[in-house]
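# build the 3D model from these lines:
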Amino acid sequence: MYSRHTYPGRVRRRAGGSESVDINLVTSQSVGQAIGSVKISETAKGLEFTPDLKALPPGEHGFHIHANGSCQPAIKEGKAVAAGAAGGHYDPQKTGKHEGPDGAGHLGDLPFLVVNNDGKATQPVVAPRLKTLDEVKGKALMIHVGGDNMSDSPQPLGGGGERFACGVIK
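Got it, this is the predicted structure:
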């Protein structure tokens, strides 16, 4: 299954940069083992995120850019939260809305990440509203447990689960 922004083929590239982001598992206690990387490239259609990841649960997962460039745990409401230091979804216009990559909400809302039955994710996705690497440098790239309905209803932030893996975009 592919979303509008998941491309089985290649995306035409424009002259622009790319950045590889190392991704690690995260828990409420620490940043854990490396599970691969995600290459972010500037394309004519927007930023393309090409994962080369392993050891993930199969299925669709929420995939977002978070506001802060840290994957460390943090205390929220008296409880340790995995990658809590990453803050919330990247939302420079302060919309407070989770509307997916096509909506007018958080800029950090990316198309969901698809993980194959073998635990690997290699399918690129494109964020059409993000155009340059400079927009996302110094932010965290987050993978959540479970899917994302790209809405704040019936649950906030797409109903995605806990933070599962994270990397800092440098």
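# only C-alpha atoms from now on, for both contacts and neighbour counts.
Will do.
# check which helices and strands the helix or strand bottoming out on mean pLDDT in the chain sits against.
For the chain, counting by mean pLDDT, DSSP states H and E, strand 13-26 ranks last in confidence among helices and strands (a mean of 85). Here strand 13-26 is seen to pack against strand 31-43, strand 163-168 when contacts are counted using 3 or more CA pairs under 8 Å, 6 or more residues apart in numbering; DSSP states H and E.
# tell me the strands beside it, with direction?
Strand 13-26 sits in its sheet next to strand 31-43 (antiparallel), strand 163-168 (antiparallel), going by DSSP bridges.
# out of those strands, the one nearest Thr122 is which?
The stretch from the strands paired with strand 13-26 with the least distance to Thr122 (CA to CA) is strand 31-43; that distance is 8.9 Å.
# next SSE after that closest one?
Beyond strand 31-43 on the C-terminal side, the first helix or strand identified by DSSP states H and E is strand 46-53.
# give me the contact list for stretch 33-53.
With contact meaning CA atoms under 8 Å, 6 or more residues apart in numbering, stretch 33-53 is reached by 11-25, 54-55, 120-133.
# quick one: buried ones out of those residues?
11, 20-25, 54, 120-133 (16 or more other CA atoms under 10 Å).
# show me where pLDDT drops low in the chain?
Within the chain, the ranges that satisfy pLDDT under 70 run 1-15, 147-160.
# cutoff 50 now
Under the criterion pLDDT under 50, the flagged ranges of the chain are 1-4, 6-14, 152-159.
# how about it, which residue sits the furthest from its center?
Going by CA atoms, centre = their mean, the residue of the chain most distant from its centre is Gly78, 25.6 Å out.
# which residues in this protein form strands?
13-26, 31-43, 46-53, 59-61, 63-66, 74-76, 79-81, 113-115, 125-127, 140-144, 163-168 (DSSP state E).
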